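Q: Attaching a predicted model along with its sequence, questions to come.
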Amino acid sequence: MIKQVGNTPIREYHTASCHCGAVVLELHLPDGIVDPRRCDCSICRRKGAIVASVPLAGIRIVQGADKLRLYQFNTRTASHYFCGECGIYTHHQRRSNPQQYGYNVGCLEGVNPYELGPVPVNDGVNHPADRQA
């Protein structure tokens, strides 16, 4: 199955990699890139990536697991992964839904994230997990 994002076809399985190629991921994206977004929390503001989500089983590390570095902060619920060689953020286990990974759309091979058009910004400063019931 092939979906379109702008002029770019998205296959059900897609390869993502860091800049230097040390880390390679396979993503299962049966519906293409779903719900691309940016976030204004302290880390996302700094990295500036467009992210989309996939279930935990939707990412497989093909190469470079030993090159991935982990960064956690604040509640340490989210796990942010980046390449220890080139520094590119590849994916993170989400704080708002720990059953999903957010992945860096810019790491998808053959995808230009600028072709997505307007991308909404989530309010990560006022994170839903921080709101009292």
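A: That came through, no problem. Residues are numbered from 1 along each chain as shown.
Q: Report the contact partners of H92.
A: In this structure, H92 makes contact with 51, 78-81, 101-102, judged by C-beta atoms under 8 Å, 6 or more residues apart in numbering. Placement of C-beta: from N, CA and C, glycine included.
Q: partners of the helix or strand hosting it, with directions?
A: Secondary-structure element containing H92, defined by DSSP states H and E: strand 89-93. For strand 89-93, the paired strands and their directions (DSSP bridges) are strand 79-83 (antiparallel), strand 100-104 (antiparallel).
Q: buried stuff in the first one?
A: I take that to be strand 79-83. Burial within strand 79-83, assessed by neighbour count using 16 or more other C-beta atoms under 10 Å, is assigned to 80-83.
Q: wait, isn't Q100 in contact with R94?
A: Yes. Using C-beta atoms under 8 Å, Q100 and R94 qualify as a contacting pair, with a distance of 5.0 Å.
Q: The protein: strands as residue ranges?
A: 2-5, 8-11, 13-17, 24-28, 38-39, 51-55, 59-63, 68-71, 79-83, 89-93, 100-104, 121-122 (DSSP state E).
Q: now those strands in CSV, with distance to R45?
A: Putting the strands of the chain into CSV (distance: least, C-beta to C-beta, whole Å) gives the following:
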stretch, distance to R45
strand 2-5, 24
strand 8-11, 26
strand 13-17, 22
strand 24-28, 24
strand 38-39, 8
strand 51-55, 13
strand 59-63, 24
strand 68-71, 15
strand 79-83, 13
strand 89-93, 13
strand 100-104, 15
strand 121-122, 10
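Q: List just the one of these that sits closest to G110.
A: Across those, the minimum distance to G110, taken as C-beta to C-beta, is reached by strand 8-11, at 6.2 Å.
Q: Give the rounded mean pLDDT of that closest one.
A: This predicted structure assigns strand 8-11 an average pLDDT of 60.
Q: Reformat the buried residues of strand 79-83 as TSV; add distance to Y114.
A: Compiled in TSV, the buried residues of strand 79-83 are given as follows (distance: C-beta to C-beta, whole Å):
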residue	distance to Y114
H80	23
Y81	23
F82	21
C83	22
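Q: Out of the residues you listed, which comes closest to V125?
A: Distance to V125 across the buried residues of strand 79-83 (C-beta to C-beta) is lowest for H80, with 16.9 Å.
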